[in-house]
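Novice: using only what follows, build the 3D model:
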Amino acid sequence: MLTLTSPVKTWAHGVRAWVKLATLCLWTVALLRVDGIWLAGAVVLVLILAASGGRVFFAPWLAMLRPLWPFAVVIVLWQVWLGAPMAAWPILARLGAAVGLANAVTMTTELAEIIALLTRITRPLTRIGLNPKVLGLSVALVIRFVPVMLQRYDQIVLAFRARSPRRPGWRILMPVLLAALDDADRVAEALRARGGAG
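Specialist: Okay, the predicted model is just below:
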């Protein structure tokens, strides 16, 4: 499977995983409490941080924001319907700044570091029956499945367009769902063959 970790090494790769994840949590909370010029500054700061990795790092980072456009369209249309189109800007700014920094953290942090950190943090939950290794593996699978599913979606869209002049729209919903279930089944078989997640 693909990974979201960028092969382009930046200064952020050397920062500890717990520092980056703690910063991301604080950043997300702070975004909910700022507005106006401070919110605009937050968006610019995320852009500067991503651009500090260089053009080769910035281009994939920017591409990872592409899945946000359907949400952006819905938010804008909803605010227009409510009669307050300008109210969409703070929502979009917060969404972009939060997801943008999350993408930067993911691209500069090895998956093994994230799993190890989550395993350590959730270790006290073993008292209530939660297996930290299973939780860490679950998060890792979700992170790794994101680029895989985006790639699979693009392949299905291209296949549909090669066979029909119509727009894909809802028609590819079932193939995408079946592809996701098929991938999940293959991963489950691979885990069982290796002794499970425990």
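
Novice: list the buried residues in the longest helix along the chain.
Specialist: For the chain, the helix that runs over the most residues, judged by DSSP state H, is helix 132-163. Within helix 132-163, the residues scored as buried using 16 or more other C-beta atoms under 10 Å are 132-133, 135-137, 139-141, 143-145, 148-149, 152-153, 156, 160. Glycine gets a C-beta too; all of them are placed from N, C-alpha and C.

Novice: just stretch 30-43 next, same as before
Specialist: Buried-residue list, stretch 30-43, by 16+ other C-beta under 10 Å: Leu31, Val34, Leu39, Ala42, Val43.

Novice: buried residues in the helix or strand encompassing Asn103?
Specialist: Assignment of secondary structure by DSSP states H and E places Asn103 within helix 88-107. The neighbour-count criterion (16+ other C-beta under 10 Å) identifies 88, 92-107 as the buried residues of helix 88-107.

Novice: same check, this time on stretch 68-79
Specialist: Neighbour counts over stretch 68-79 (16+ other C-beta under 10 Å) mark Ile75, Val76, Gln79 as buried.

Novice: then the host helix or strand of the first one to CSV, C-alphas only?
Specialist: It stands for Ile75. Element membership for Ile75, per DSSP H and E: helix 69-82. Output in CSV follows, covering the C-alpha atoms of helix 69-82 (Å, rounded to 0.1, in the frame of the first residue of the first chain):
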residue,chain,number,x,y,z
TRP,A,69,-13.4,20.8,-2.6
PRO,A,70,-16.7,19.0,-2.3
PHE,A,71,-17.0,20.1,1.3
ALA,A,72,-16.1,23.6,0.3
VAL,A,73,-18.8,23.7,-2.3
VAL,A,74,-21.4,22.4,0.1
ILE,A,75,-20.4,24.9,2.8
VAL,A,76,-20.6,27.8,0.3
LEU,A,77,-23.9,26.7,-1.1
TRP,A,78,-25.4,26.3,2.4
GLN,A,79,-24.3,29.7,3.4
VAL,A,80,-25.6,31.3,0.2
TRP,A,81,-28.9,29.5,0.9
LEU,A,82,-29.0,31.0,4.4
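
Novice: contacts for that helix, please.
Specialist: Pro85, Met86, Ala87, Ala88, Ile91, Leu92, Leu95 (C-beta atoms under 8 Å, 6 or more residues apart in numbering).

Novice: quick one: mean pLDDT for that helix?
Specialist: Helix 69-82 carries an average pLDDT of 87.

Novice: grab the most central residue of this protein for me.
Specialist: Asn103 (5.9 Å; C-alpha atoms, centre = their mean).

Novice: contacting residues for it?
Specialist: Leu4, Ala50, Trp61, Met64, Leu65.

Novice: correct me if wrong: Arg94 contacts Leu31.
Specialist: Yes - Arg94 lies in contact with Leu31 (C-beta atoms under 8 Å); the separation is 4.7 Å.
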